[in-house]
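>>> Sharing a model prediction with you, sequence too.
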Amino acid sequence: NDGVQTPLTVGVGGSVIFDFNPDPDFSGTANIEYVVIDADDASTTSAPSTISIEVLPLNDAPGVFSNNQATNYYEGSEPIPILSDLTFDDIDSSKISAIRIRGESLEGATLVAPDLYGFSEQSGSSGVTVFGGANSISIKNAREYLSKIKFYSSSENLTTNSEERSSDLILNVSVTDEEGATSAEVQKVLRLFDINDAPEFVWSNPDASITITENNEGLVVGSAELGSITDPENDSILQLKLQITQGYSAAVDSFGISNTIREDERVVVTEDQAAGALTLTSISEDGLEIEVFSQFLEGISYLNSSDNPASGPDKNIALTIMDVNGASQTSLNKQIIIDPENDAPSIFSLVAGARNLTGGDGEQFIVSGQPARIAPNINIVDIDDALVSEARLTVDSNELAVNGVLSLSASGEFLATANGLVFEAPADT
């Protein structure tokens, strides 16, 4: 007992049993020296004797230590080191064979391994990431490796509760030494902060234009084939704005709105004809679900009343959507191409400066007088063509004067010849 005398009374021929407990983590030869002292004469002692006990080594697991400080990660951040505050040691091993991190599997989340010392991410079970290599590495190098493991998430929704913008991810860290002993796990708290992402209308085929036909029913904006409203946090929607962002003409462009929307008491409909915009705003400050606004879009159409859409500029539309937390985003512009239909030419006469589509009076014909022009005030207009291929004059035979003849005037013949036209007089006058 480190030189401290322990009095014992033992009869002649008797024996005594001692328990030997080496110091923690001790291995090797322990030499125990003892003497026997005569109880009646303390000056009388036996010669010293020594007992040698071999303490066999037992591999001790490494120990991992933490300062219990959380590390913050914000949505959209670059990869950050998350374990630099952890350290570990091993009383009887000088090398580490593996680093093990266990935690909840999150969509879009990953641990980024440093390219050091031949260690890399190894296959592990669900929720467990193991870093190791073909050879063990020194404790010093393993500490450096651990400090450079990074966390990254591509997710736009780091928390499942839109009311709470942060959540804790618990990581359990352990290390294994070269002899195979694994430390107890130490917890590391990774605090995830979610940023409110704006809702968006996503076109199904963003690079493709949309074609509608002139004088058709228009374009239903909310059709599933065109696109849909998305929000990473699935927040309620406060407002939706649909606008013609290019080529708008108040004379021909408009939005058709179903009576169902106009009569819905949950939203206010605002039409801005000057800007070519239509806005739906939730009456409640709590907004409405995405599905509700998607249904509203099914009742909105883009309309174009032009008889000659090819003569106008290209049309683009876009949607701006705002959630109840104030985040808003405008979609990509979507080009609308209006496929024109050929409109028939119109004939009218000017009567007192106004167009008369029912025709007009010809010149008065005097018997034995000069030829009279039948349609001196007739005009022809074609909204989408500059050329006419034929002009046909139909005369009721019973109204045609006996022996009357239809012909072109001298100027009419000149124009016909100049333009490659042929006048075909009726065979029966």
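Thanks, I have it.
>>> For G108, give me its contacts.
Going by C-beta atoms under 8 Å, 6 or more residues apart in numbering, G108 touches S153, S154, S155. C-betas here are computed from N, CA, C, even on glycine.
>>> Enumerate the beta-bridge partners assigned to L169.
Per DSSP bridges, residues listed as beta-bridge partners of L169: L190.
>>> circling back to that earlier point, weed out the non-buried ones from the contacts of G108.
Neighbour-count burial (16 or more other C-beta atoms under 10 Å) is assigned, among the contacts of G108, to S153.
>>> any chance of the contacts of G108 in JSON lines, plus secondary structure, distance to N196 and pLDDT?
Shown next, in JSON lines, are the contacts of G108 (DSSP: H, G, I helix; E, B strand; the rest coil; distance: C-beta to C-beta, whole Å; pLDDT from 0 to 100):
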{"residue": "S153", "secondary structure": "strand", "distance to N196": "16", "pLDDT": "93"}
{"residue": "S154", "secondary structure": "coil", "distance to N196": "17", "pLDDT": "91"}
{"residue": "S155", "secondary structure": "coil", "distance to N196": "14", "pLDDT": "88"}
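>>> if we take the contacts of G108, which one ends up nearest to N333?
Taking C-beta to C-beta as the measure, N333 sits nearest to S154 out of the contacts of G108, at 26.4 Å.
>>> For that closest one, which non-adjacent residue is closest in space?
Sequence neighbours aside, G108 is the residue nearest to S154 in space, at 4.2 Å (criterion: C-beta to C-beta, 6 or more residues apart in numbering).
>>> repeat for V324
G287 (4.0 Å).
>>> list the helices and strands the helix-or-strand element of the chain with minimal mean pLDDT packs on?
Within the chain, no helix or strand scores below strand 354-356, which has a mean of 72 by mean pLDDT, DSSP states H and E. Here strand 354-356 is seen to pack against strand 346-351 when contacts are counted using 3 or more C-beta pairs under 8 Å, 6 or more residues apart in numbering; DSSP states H and E.
>>> now the strand it packs on: mean pLDDT?
For strand 346-351, mean pLDDT rounds to 75.
>>> packing partners for that strand?
When contacts are defined as 3+ C-beta pairs under 8 Å, 6+ apart, strand 346-351 sits against strand 354-356, strand 378-381.
>>> Report the distance from it to the chain centre.
58 Å (C-alpha atoms, centre = their mean, to the nearest Å).
>>> May I see the buried residues of it?
F348, S349.
>>> who does it pair up with?
Here, using DSSP bridges, strand 346-351 pairs with strand 354-356 (antiparallel), strand 378-381 (antiparallel).
>>> If you average the pLDDT over stretch 96-110, what comes out?
For stretch 96-110, the mean pLDDT works out to 90.
>>> buried ones in it?
Across stretch 96-110, burial judged by 16+ other C-beta under 10 Å covers I96, S97, A98, I99, R100, I101, R102, G103, L106, A109.
>>> next one: stretch 264-279
Buried residues in stretch 264-279, counted by 16+ other C-beta under 10 Å: D264, V267, V269, G276, A277, L278, T279.
>>> Within the sheet, what are the partner strands of whatever helix or strand the third one lives in, with directions?
The secondary structure element spanning V269 is strand 267-272 (assigned by DSSP states H and E). For strand 267-272, the paired strands and their directions (DSSP bridges) are strand 277-282 (antiparallel).
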